[in-house]
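return a 3D structure for these sequence lines:
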Amino acid sequence: MVEELLGEVIRKVKDSPGAEFADIFTPDVVSRLAALTEREYESFKVQLEAHLIMSGLSVPGMTEKKLDRLVQAAAERIDAERSKLPAVLLLEQCPGAPGGEGLYVPPGWYLSPDGVFRTDEAGVPSVRVCRSPLYVSAKVVDLERKKVFLQVTAHACGRWHSAAVPASLKGKLTAAAVKNMGVLVEHDGMLTEYIAEFLRTNWDGIRVVEAGLDLYAEFAAFVEDNIEKFRGNGGGKWGRFGKEENGRHYVAVVPEVAEKFARRQGTTLEYLLLALEESGKLLAGSRSRLRPTWFNGRTRRMVVVQLPEDAGQENDILRKEFLNEQER
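Numbering: from 1, shown residues only. All right, here's what the predicted structure looks like:
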């Protein structure tokens with residue numbers, strides 16, 4: 001898109017020496033520039049300036065400020081037209097999406113198995129924002145911690161799964177949380193815009209779950225999503241897998257990593273350990289919730305958590321890790 005527009009503008013300048021700014025940047029060209037992402041538009045301006053300088057060409061009356069104003073005005077017009085498009089039932093665009101009943105894809109956006117798309121003013125998908133269908137499926141109210149989380153659901157790594165992110169997350173932090181789910185995000189800013197529009201469209205219709213987050217399930221998913229960090233002879237950077245004499249499989253996690261996970265869930269390491277202990281999944285030491293564990297050639301106090309009973313049977317990735325652990 002950028003190369004096509006750039007080539008078109010350069011040809012106009014060369015073919016019409018002395019042509020005025022308005023003759024080169026017609027309404028059609030300005031509208032197409034407005035449809036570019038911010039990064040693409042900046043790239044267009046830099047390349048155009050370089051081409052004009054190297055070719056000894058110029059466009060009378062052209063200034064960057066003037067072009068920016070025109071493009072901004074066109075972008076606002078396009079957004080106004082996009083906002084007039086009808087909201088579409090989420091399940092019509094993405095059948096089978098769990099928890100999607102009664103939810104709508106906001107005007108100006110399109111959801112499909114190929115991802116989330118920003119549309120043009122006619123409703124045609126124009127920019128892919130991320131490569132997985134994604135939406136907010138619930139508002140989770142944690143009464144104990146007095147916090148509200150958004151349950152984000154996405155289809156990534158071959159399956160549907162959800163993650164709870166603090167409702168206060170904004171901007172790049174929101175994109176980072178989505179990336180941690182295994183979603184390939186192509187435009188961070190647009191993803192934040194999409195989620196904000198989705199919430200505005202569906203706020204009253206998004207179901208409320210008045211329950212504490214299942215930190216154990218989230219923790220197990222966190223380990224699975226970062227499996228490479230636990231691999232290696234004696235363990236990886238973040239910890240290692242193991243098996244007790246009674247056959248229980250566990251993962252031992254470096255406390256700093258567990259604390260990082262806890263912060264992402266809007267809580268503390270202490271609360272995480274308490275929640276895991278109350279669920280019966282924390283394999284604590286005799287005097288502390290942290291358990292002395294052999295890790296990378298030395299004994300270290302770590303967060304040791306029992307993994308799901310079916311992990312070694314139904315999850316191919318974890319099963320391989322358990323088999324490798326038994327062979328060591």
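
alpha carbons only for contacts and neighbour counts from here, please
OK.

hang on, Pro133 packs against Tyr110?
No: the criterion here is Cα atoms under 8 Å, and Pro133 misses it with Tyr110 at 9.4 Å.

how close does the residue positioned nearest the centre of the chain sit to Gln151?
When Cα atoms, centre = their mean is applied to the chain, the residue found nearest the centroid is Val178 (2.3 Å). Distance of Val178 to Gln151, computed by Cα to Cα, to the nearest Å: 11 Å.

now Glu101
15 Å.

mind checking which of these two has more residues around it?
Between Glu101 and Gln151, counted using other Cα atoms under 10 Å, the more crowded position is Gln151 (23 against 16).

tell me the SS of that one?
Secondary structure assignment for Gln151 (DSSP: H, G, I helix; E, B strand; the rest coil): strand.

cool, and Gly236?
coil.

residues contacting Leu215?
By Cα atoms under 8 Å, 6 or more residues apart in numbering, the contact list for Leu215 reads Leu272, Ala275, Leu276.

name the member of the residues you listed with the most neighbours.
Neighbour tally across these (other Cα under 10 Å): the maximum, 23 neighbours, falls on Leu276.

re earlier: shared neighbours, Pro133 and Tyr110?
Common neighbours of Pro133 and Tyr110 (criterion: Cα under 8 Å, 6+ apart): Val116.

these two: who's more crowded?
When Pro133 and Tyr110 are compared for neighbours, Tyr110 comes out ahead with 26 against 23, by other Cα under 10 Å.

contacting residues for the more buried one?
With contacts defined as Cα under 8 Å, 6+ apart, Tyr110 is in contact with Gln93, Val116, Phe117, Arg118, Thr119, Pro125.

ok, 6 Å please
Applying Cα atoms under 6 Å, 6 or more residues apart in numbering to Tyr110 gives the contacts Val116, Phe117.

identify the bridge partners of it.
Beta-bridge partners recorded for Tyr110 (DSSP bridges): Phe117.

buried sites along stretch 140-154?
Across stretch 140-154, burial judged by 16 or more other Cα atoms under 10 Å covers Val140, Val141, Val148, Phe149, Leu150, Gln151, Val152, Thr153, Ala154.

point me to the helix or strand that includes the first one.
Assigned by DSSP states H and E, Val140 belongs to strand 134-142.

quick one, longest helix in the chain?
In the chain, assigned by DSSP state H, the helix with the most residues is helix 64-83.

continuing past that helix, what's the next helix or strand?
strand 88-89.

which other helices and strands does the next helix or strand after that next one contact?
Helices and strands here follow DSSP H and E; after strand 88-89, the next one along the chain is helix 90-93. Using 3 or more Cα pairs under 6 Å, 6 or more residues apart in numbering; DSSP states H and E as the contact test, no helix or strand touches helix 90-93.
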